[in-house]
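Trainee: let me see the structure of the following:
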Amino acid sequence: MEKLDYYINLAETMIEADTERDQAFEAYEDMWHADWELPSPLGREMWIRKVVSTEPHDSIRLGTNVLSTLDPVITYQPLANNTPTKELANQWEKNLLWQLKSASKRRPVSVIRDCVQSALLYDEVCAQVIDLDYQIKQKQHAGAKTNRLKAARRYGRFLVNVYNPRDVHVRNSNMMPEAVLLAQVKRAQDVVDEFGDVAQQALGGYISDSKDQNRDAFVVLFDYWDYEVRCVWAIPSDGRGTRPGNTGQDTQVGTNVSLSTRGKKRSGTSGAEPMVIIPPTEHKLDFMPWALRMGGSNLERDEEHRRHPLLYPIYQSGIWKHQNISRTLYFSEVISHASAPRLKEEGTNPQRTEIDYGDPSKKADVPPGNVLTPIPPPPIDTALSEIDDRMKNAISASTVGQLTGLPSGASFAALNLFTQTELSKLKPYQQLAEDSIADVLEIMLLWCAYTEMPLYAYGTGKDDKGQEYVIDPQEIPTDAIYIDVELKPDVPTDRLQRINAASIAVNTLNYPIEMALEDIGVNDPQTAINQRYYEILFKHQVDMLMQSQIMELQAGVARRQAEQEMMMQQAQSMMGPQGVPGAEGQGYNPAMGGMPPAMVNPNATMEYQTGMARGGEQLAEIAGL
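Mentor: Numbers count the residues shown, from 1 in each chain. Below you'll find the predicted structure:
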């Protein structure tokens, strides 16, 4: 292990190698912040009013909103094709999503949003993953205070910092990232808050001296990592060059700083000796807790051109600056003509026209012999306006146009084609952000395996709310971790197209339902399939119960009808052949020589009961009554 001077010189070399890269990054940030200055000849004119185009900023913001709104789909590749292993993988996926959301709660901006914005703006993502449980354990062994870390632990186990790539310098090989250096201007108190007692011992005197001089204490913090050694040191700084962060950081700057008194002196440093916070120390980790991803192409020789962020063609062509000049000129020209005369009076009469502006008709009294002629306002220079429109279209073609730019009467097919065309421009940066988030999740598993402390999470869905998901460190295959992350664009046409395609594939091509659910973005297809089977079974049971009740009701009605018919038949059989109760059997059948039924019970005959004969005559009339 080398001494600190070795790593200071190595850091100087890494920063020098990124000089061209940082110049390009600064230009991208100027477009993102709409920061542009007028050329000196125009800036001296009083009638000039600066107008800056916001198209680059709007494109970055639109792409960030589209890709970072929805929860990512995390897929952990199981190492065996069986149901228990798949179910375990689903539980790990839910656990990792929980950890990612917990890490975002402690930050002003979510981890996903920072990764997407960094990919779009810089074509590079640099994130550090810190295990607070490991940090607490180390401080307890050293006898240091752990109150702050325990308070931070309430937000979650992992701390994920997404840094501005201008502050991160990576030494890559053909195999992988070999070393990383974080160098940024920060308040000295912020460094103490982050590193605790060791930073207080290193920076306490400098902070006290700065307070005595009634000024804020700034330092340039350097944090070096490779696969064996970590060291942290700081150099006093006057704080110049600090600027608002682009990825949710409070203090983000370009690293134009001097690392030692022997190095080339640059602005922002005081030339003092380094204040060592962590001397060169073997960290004993078998991994670097950094997710370092870069897009672009390694075919380029210059660092300036290796990364191709969304604004790269605008930066190389300079079209944004030209658009600002043309827009400033025609906008300023219109303003300068706002006070131009509107009336022209001609004639020999020295008396001038009087206009009563208080009269709604604004009557003008023109003296005899004079003529009052209106002067039309100067027209806008159509050439400048057309040039601005062409450059705006060129910027839109190079970046991302408005996804709602089609007229309201456009068909769904036209809207979908336009949307998918615009989204295709985001694919390289979407892939870069997805790979970066996957690296972050992999480092979380590596931390879990290294510390041998289980990773706990809990379900938040309707079907698993409160359910505990645990990742056992002994089950983590550290040499075979395969995690995929998908960022789903928050576009209705895209979701509808995915669902339609999955439905056609299942119904027409016999596509597996599990794979179709994964294609449309379902995080846990096995649980979704089981839930669907439960719904089908429950519906079948309800249908069977309803059908059984209907059949019982129908059987009851039929039974009652049968009972009524039987009772009627019994009643009729008891009334005999003439309908007289008690006169049953062949003995009362006159056709068989028996006694007539009417003789048994005359009062029960039809004539007596109705008072009418069979021909309809009244019995009283027949009797002569």
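Trainee: any buried residues in the strand or helix carrying residue 194, and which?
Mentor: In this structure, residue 194 sits in helix 188-195 according to DSSP states H and E. Residues 188, 189, 190, 191, 192, 194, 195 are the ones in helix 188-195 that count as buried (16 or more other Cβ atoms under 10 Å). Backbone N, C-alpha and C define where each C-beta goes, glycine included.
Trainee: against which helices or strands is that helix packed?
Mentor: Judged by 3 or more Cβ pairs under 8 Å, 6 or more residues apart in numbering; DSSP states H and E, the packing partners of helix 188-195 are helix 197-212, strand 218-226, strand 229-237, strand 275-282.
Trainee: okay if I get those as CSV plus mean neighbour count and mean pLDDT?
Mentor: Below are the helices and strands packed on helix 188-195 laid out as CSV (neighbours: other Cβ atoms under 10 Å; pLDDT from 0 to 100):
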stretch, mean neighbour count, mean pLDDT
helix 197-212, 16, 87
strand 218-226, 25, 94
strand 229-237, 23, 93
strand 275-282, 16, 93
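Trainee: what would those look like in CSV with distance to residue 87?
Mentor: Listed next are the helices and strands packed on helix 188-195 as CSV, based on distance: least, Cβ to Cβ, whole Å:
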stretch, distance to residue 87
helix 197-212, 44
strand 218-226, 37
strand 229-237, 38
strand 275-282, 40
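Trainee: so where is the stretch 101-250 of the chain shaky, pLDDT-wise?
Mentor: Low-confidence segments of the stretch 101-250 of the chain (pLDDT under 70): 240-250.
Trainee: the same query, at a cut-off of 50, please.
Mentor: 242-250 (pLDDT under 50).
Trainee: ranges for the strands of the stretch 301-450 of the chain?
Mentor: Remark: strands assigned in the stretch 301-450 of the chain by DSSP state E, counting those that start in this stretch are 343-347, 354-355, 364-365, 370-374.
Trainee: so which of these comes closest to residue 82?
Mentor: Between residue 82 and those, the tightest spacing by Cβ to Cβ is seen for strand 370-374, at 87.8 Å.
Trainee: neighbouring strands - and their directions - for that closest one?
Mentor: strand 343-347 (antiparallel) (DSSP bridges).
Trainee: tell me, what residue is most central in the protein?
Mentor: Nearest residue to the geometric centre of the chain (Cα atoms, centre = their mean): residue 69, 1.9 Å.
Trainee: against residue 103, how distant is that residue?
Mentor: The spacing between residue 69 and residue 103, counted by Cβ to Cβ, to the nearest Å, is 18 Å.
Trainee: now residue 318
Mentor: 39 Å.
Trainee: contacts only, for the residue nearest to the centre of the chain.
Mentor: Contact analysis of residue 69 by Cβ atoms under 8 Å, 6 or more residues apart in numbering lists residue 490.
Trainee: and it, backbone torsions?
Mentor: phi -80, psi -40 (degrees, to the nearest 10).
Trainee: please apply the same query to residue 351.
Mentor: Torsion angles, degrees, to the nearest 10, at residue 351: phi -70, psi 140.
Trainee: in contact with it, which residues?
Mentor: Taking Cβ under 8 Å, 6+ apart, we find residue 351 in contact with 367, 370.
Trainee: kindly recompute the last result at 6 Å.
Mentor: Contact analysis of residue 351 by Cβ atoms under 6 Å, 6 or more residues apart in numbering lists residue 367.
Trainee: would you tell me which helix is longest in the protein?
Mentor: Determined from DSSP state H, the single longest helix within the chain is helix 525-574.
Trainee: looking only at pLDDT, what's the mean for it?
Mentor: Taken as a whole, helix 525-574 has a mean pLDDT of 80.
Trainee: with stretch 312-322 instead?
Mentor: For stretch 312-322, the mean pLDDT works out to 91.
Trainee: now swap in stretch 469-476 and tell me
Mentor: 94.
Trainee: tell me which residues in it are buried?
Mentor: Across stretch 469-476, burial judged by 16+ other Cβ under 10 Å covers 469, 471, 473, 476.
Trainee: what does stretch 483-492 give?
Mentor: Neighbour counts over stretch 483-492 (16+ other Cβ under 10 Å) mark 483, 485, 486, 487, 488, 489, 491 as buried.
Trainee: tabulate the CA atom coordinates of it in CSV.
Mentor: Below are the C-alpha coordinates for stretch 483-492, written out as CSV (Å, rounded to 0.1, in the frame of the first residue of the first chain):
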residue,chain,number,x,y,z
ILE,A,483,-30.4,-8.3,-12.2
ASP,A,484,-32.4,-6.6,-14.9
VAL,A,485,-34.2,-3.3,-14.5
GLU,A,486,-36.8,-1.8,-16.8
LEU,A,487,-37.9,1.8,-16.7
LYS,A,488,-41.4,1.9,-18.2
PRO,A,489,-42.2,5.1,-20.1
ASP,A,490,-45.2,6.9,-18.5
VAL,A,491,-47.1,7.1,-21.8
PRO,A,492,-50.7,5.8,-22.1
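Trainee: residues contacting that stretch, please?
Mentor: Outside stretch 483-492, the residues touching it (Cβ under 6 Å, 6+ apart) are 66-67, 69-70, 72-76, 419, 423, 430, 434, 437-438, 441-442, 521.
Trainee: can you say which of those residues are buried?
Mentor: Among the contacts of stretch 483-492, those buried by neighbour count (16+ other Cβ under 10 Å) are 66-67, 72-76, 419, 423, 430, 434, 437-438, 441-442, 521.
Trainee: and the furthest pair within these?
Mentor: 419 and 442, at 32.2 Å, using Cβ to Cβ across these.
Trainee: residues in contact with residue 375?
Mentor: Counting by Cβ under 6 Å, 6+ apart, residue 375 touches 341, 342, 344.
Trainee: so the last one touches residue 373, yeah?
Mentor: Yes - using Cβ atoms under 6 Å as the test, residue 344 is close enough to residue 373 to be in contact (4.6 Å).
Trainee: and this protein, what are its domains?
Mentor: Domain segmentation of the chain under automatic domain parsing yields 492-523, 584-625.
Trainee: least confident of those domains, on average?
Mentor: domain 584-625 (a mean of 61).
Trainee: shouldn't residue 183 be within a strand?
Mentor: Yes - Residue 183: assigned to a strand according to DSSP: H, G, I helix; E, B strand; the rest coil.
Trainee: closest to residue 383 among the buried residues of stretch 483-492?
Mentor: Of these, the one sitting nearest to residue 383 (Cβ to Cβ) turns out to be residue 491, at 37.3 Å.
Trainee: give me every residue that touches the nearest residue to residue 85 once chain neighbours are set aside.
Mentor: Of all residues not flanking residue 85 in the chain, residue 78 sits nearest, at 4.3 Å (Cβ to Cβ, 6 or more residues apart in numbering). By Cβ under 6 Å, 6+ apart, the contact set of residue 78 is 85, 86, 89.
Trainee: tell me the spacing between residue 78 and residue 200.
Mentor: Taking Cβ to Cβ as the measure, residue 78 falls 47 Å from residue 200.
Trainee: follow-up on the earlier one: the helix holding residue 194 versus helix 197-212: what angle between them?
Mentor: 170 degrees (axes from the mean of the first three to the mean of the last three Cα atoms, to 10 degrees).
Trainee: so how far is helix 188-195 from its chain's centroid?
Mentor: Offset of helix 188-195 from its chain centre (Cα atoms, centre = their mean, to the nearest Å): 31 Å.
Trainee: thinking again about what came up before, who's more crowded, residue 318 and residue 103?
Mentor: residue 103 (23 against 10; other Cβ atoms under 10 Å).
Trainee: the more buried one belongs to a strand?
Mentor: No - per three-state DSSP, residue 103 lies outside any strand segment and is helix.
Trainee: for it, what are its contacts?
Mentor: Contacts of residue 103 by Cβ under 6 Å, 6+ apart are 111, 156, 158, 160.
Trainee: out of these, which two sit at the greatest distance?
Mentor: Longest span within the contacts of residue 103, Cβ to Cβ: 111 and 156, 11.0 Å.
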